[in-house]
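1. missing the sequence, but the structure's below:
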């Protein structure tokens, strides 16, 4: 939440039955508690919470919500509403809003992809962050789907389903070493080595010289 005390007028508003009923605060708090469980259950609870947060935000943006806050003498931005009224950190709040906008077919496909990885004894990031990364790679535009602008609704749905169901979770890379610094010209340089021994960097020659300098300094 924001690092400030809640005003008495805000506290009264948050404790009012009108607010609690309008944003369904009881279910939001219950969903938050469910998020503390693990794996699939936790992910399902997180998606459910995202939908509740989106519904509450829709009320906040509605004429009814604006009028209710005005009558209570309260003026909040959207992020203040998420922080003060719903008890969400800004990043978490906006992530929930993004998830709530996703097509349910994408969420279902993500779950299937996670199950497939787990069945193969591989790691699956079944989280909202993992879901948004998965969704980002799915392009449902007509051009990407290879269909004409005048395609029938059934043709569009079939093409979308095929694109969603064929999506895969990008392989995650585990880095065992990361190094970043600025050279004498002020340019940022970086080096990363993954657990397979693969090395990537912005200027390996300069980085090699820097690593040698570090080694020589340590051994002095």
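-> Received, thanks. Worth saying up front: this structure is predicted, and the values here are computed from it rather than measured.
2. can you pull the domain assignment for the protein?
-> The chain breaks down by automatic domain parsing into domains covering 8-100, 105-165, 175-219.
3. now the end-to-end length of the first one.
-> Distances were taken as C-alpha to C-alpha, to the nearest Å; on that basis the terminal residues of domain 8-100 are 32 Å apart.
4. chain center to that domain: distance?
-> Taking C-alpha atoms, centre = their mean, to the nearest Å, one finds domain 8-100 lying 17 Å from the centre of the chain it belongs to.
5. state the pLDDT value of residue 171.
-> Here, the pLDDT recorded for residue 171 equals 65.
6. need the domains of the chain in a markdown table (columns: mean neighbour count and mean pLDDT).
-> Any C-beta I mention is one placed from the backbone N, CA and C, and that applies to glycine too. Below are the domains of the chain laid out as a markdown table (neighbours: other C-beta atoms under 10 Å; pLDDT from 0 to 100):
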| stretch | mean neighbour count | mean pLDDT |
| --- | --- | --- |
| domain 8-100 | 16 | 91 |
| domain 105-165 | 14 | 88 |
| domain 175-219 | 12 | 71 |
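7. doesn't residue 180 belong to a helix?
-> No - secondary structure of residue 180 (DSSP: H, G, I helix; E, B strand; the rest coil): strand, not part of a helix.
8. now the residue nearest to it when sequence neighbours are not counted: how far from residue 182?
-> Among residues not flanking residue 180 along the chain, residue 190 sits closest, at 4.4 Å (C-beta to C-beta, 6 or more residues apart in numbering). Distance, residue 190 to residue 182, by C-beta to C-beta, to the nearest Å: 10 Å.
9. what ranges does this structure have for its helices?
-> For the chain, the helices defined by DSSP state H occupy 8-14, 17-23, 25-34, 39-61, 63-71, 78-80, 90-100, 104-119, 128-136, 142-145, 153-165, 204-219.
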